[in-house]
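**Student:** Structure for the following, please:
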Amino acid sequence: EGEGVVLSTWQSKPLAPKVATVLIVELGLFASVKLRKETRKDDYIPVKLQEVKLVDMRANFIHNVEPGQTDAGEKAEKYIENRRSRKIVGTRLHSNNQRSG
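**Tutor:** Below is the predicted model:
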């Protein structure tokens, strides 16, 4: 567990969780972290090591926030609901141009 400085934030889709580029000063490491709470640039946020993949030489970190302090749960529910409600639009090929012969 440690702290990281938020350098920038972005959101891939509306209602999707925000992602921050975080500098973990103690390690001298940049990491992308999904935010569980609203933050601003230059804020210090608590981060926690989630997993290490030695094959890829990658370490994944998470935003370490107490369960009662997150505001991402409501946004995540809206995102999932919106994703489920999207209609799959396809094309149908009709054979209306059949020649009678």
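**Student:** Return the helix or strand in the chain with minimum mean pLDDT.
**Tutor:** Lowest mean confidence among the helices and strands of the chain (mean pLDDT, DSSP states H and E): helix 72-85, at a mean of 61.
**Student:** where does this structure dip in pLDDT?
**Tutor:** Applying pLDDT under 70 to the chain flags the ranges 67-101.
**Student:** now the strands for it?
**Tutor:** 2-10, 19-24, 29-34, 44-53, 58-63 (DSSP state E).
**Student:** so what strands line up beside the second one?
**Tutor:** Meaning strand 19-24. strand 2-10 (antiparallel), strand 29-34 (antiparallel) (DSSP bridges).
**Student:** For Ile45, find the nearest of the ones you listed.
**Tutor:** Closest to Ile45 of the strands paired with strand 19-24 is strand 2-10 (Cβ to Cβ; 5.8 Å). Yep, even glycine has a C-beta here, placed from its N, CA and C like the rest.
**Student:** Give me the residues contacting the closest one.
**Tutor:** Defining contact as Cβ atoms under 8 Å, 6 or more residues apart in numbering, one finds that strand 2-10 is touched by 18-27, 30-31, 33, 35, 39-48, 61.
**Student:** ok, of those, which come out buried?
**Tutor:** Buried subset of those (neighbour count, 16 or more other Cβ atoms under 10 Å): 18-22, 24, 31, 33, 35, 39, 45, 47, 61.
**Student:** Distance to Leu54 for the strands paired with strand 19-24 - can I get that in a markdown table?
**Tutor:** What follows is the strands paired with strand 19-24, written out as a markdown table (distance: least, Cβ to Cβ, whole Å):
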| stretch | distance to Leu54 |
| --- | --- |
| strand 2-10 | 20 |
| strand 29-34 | 16 |
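**Student:** Which among those is found nearest to Glu66?
**Tutor:** Closest approach to Glu66 among the strands paired with strand 19-24 is made by strand 2-10 (15.1 Å; Cβ to Cβ).
**Student:** All set, thanks.
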